[in-house]
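Participant: this one's structure only:
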C-alpha cells in the first residue's frame, strides 16, 4: 500500500527566506506524486505534479519539487517566501490500481506560516 | 469552466437528521471522488466513481453513508442518520484520466449538533 509522510506539521519562515517542505513516500510501483495547497476555507489547488520524465518539476507561484527515487522523497521548495504563501500544503501519491482507477493518498499536511 | 461545484457550502444539522451533499464535476471528467477532511484523520478518500459507476467504496465509514452518481454531471453523498462525529469538511474532486490531476471543489463544511 502506498503512503506519504510529511515531516513537520507546522513550518515557520521569514518573508524572503527559503521554503522547504518535506515529503517522503512509500509505493510498491512507480509513483505519481503531487503537491496541493489549501488556503483557509477553500478547496485544494494543485501546485505541481510528477508523473514521468524530468525529476525536477516546476509549479505555480514559484514552487518546485524534485523527485528522488533513491531517497523516496519529493520535497517542495521555494527560494523566497511571500506572505501570500501562508497556507496548508499536502503531498500526495497516486497509483493506478489493477482493475481500473487510481487512489490518491494524502499526507497529513504542513501548515506554512510566513512572518515579517 | 466553472470548476467543480459543491452545495451547500455550509450545513448545520441535528443528530439523527438526513444530510445530502451535492457535487457537479467538471464537464467531460470521467472520474469523481468524495473525500472527508478532519483534524484527527486528515484527508480520507471515501469513494470514487468512473463513468458514473462506483469503483471503490472501501473508505465509506459506515452503512449510514451512501453515494450515488445518476449521471455524468451530478453526484450525491448522503448520511442517514447523521451523528456529531460526521462533522467535517467534505470535498468532491474530478479528473479526466486515471492518475491525472484531481480538481477539487470548495468543500461542504458539515456540522452535526
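Facilitator: Cool, got the structure. Computed from a predicted structure; not experimentally measured. Residues are numbered from 1 along each chain as shown, chains lettered A, B, ... in the order given.
Participant: quick one: list the elements packing against the helix or strand bottoming out on mean pLDDT in chain A.
Facilitator: Using mean pLDDT, DSSP states H and E, strand A:102-106 stands out as the lowest-scoring helix or strand of chain A, at a mean of 82. Other elements packing on strand A:102-106 under the criterion 3 or more C-beta pairs under 8 Å, 6 or more residues apart in numbering or on different chains; DSSP states H and E are strand A:3-5, strand A:87-96, strand B:42-50. For the C-beta atoms, the positions are set from N, CA and C on the backbone; glycine is no exception.
Participant: and the closest residue to residue B:37 other than its chain neighbours, how far from residue A:12?
Facilitator: Distances taken as C-beta to C-beta, 6 or more residues apart in numbering or on different chains put residue B:89 closest to residue B:37, at 4.5 Å, once the chain neighbours are dropped. From residue B:89 across to residue A:12, the span is 24 Å (C-beta to C-beta, to the nearest Å).
Participant: which one's more surrounded, those two?
Facilitator: residue B:89 (18 against 13; other C-beta atoms under 10 Å in any protein chain shown).
Participant: test my guess that residue A:24 contacts residue A:5.
Facilitator: Yes - in this structure, residue A:24 is within contact of residue A:5 by C-beta atoms under 8 Å, at 4.8 Å.
Participant: more neighbours: those two, which one.
Facilitator: Each of residue A:24 and residue A:5 has its neighbours counted (other C-beta under 10 Å); residue A:24 has more, 17 against 14.
Participant: residues contacting the more buried one?
Facilitator: Listed by C-beta atoms under 8 Å, 6 or more residues apart in numbering or on different chains, the contact set of residue A:24 reads A:4, A:5, A:7, A:71, A:72, A:73, A:74.
Participant: find me the pLDDT at it, would you?
Facilitator: With respect to pLDDT, residue A:24 scores 96.
Participant: and it, how far from chain B?
Facilitator: Between residue A:24 and chain B the computed distance is 16 Å (C-beta to the nearest C-beta, to the nearest Å).
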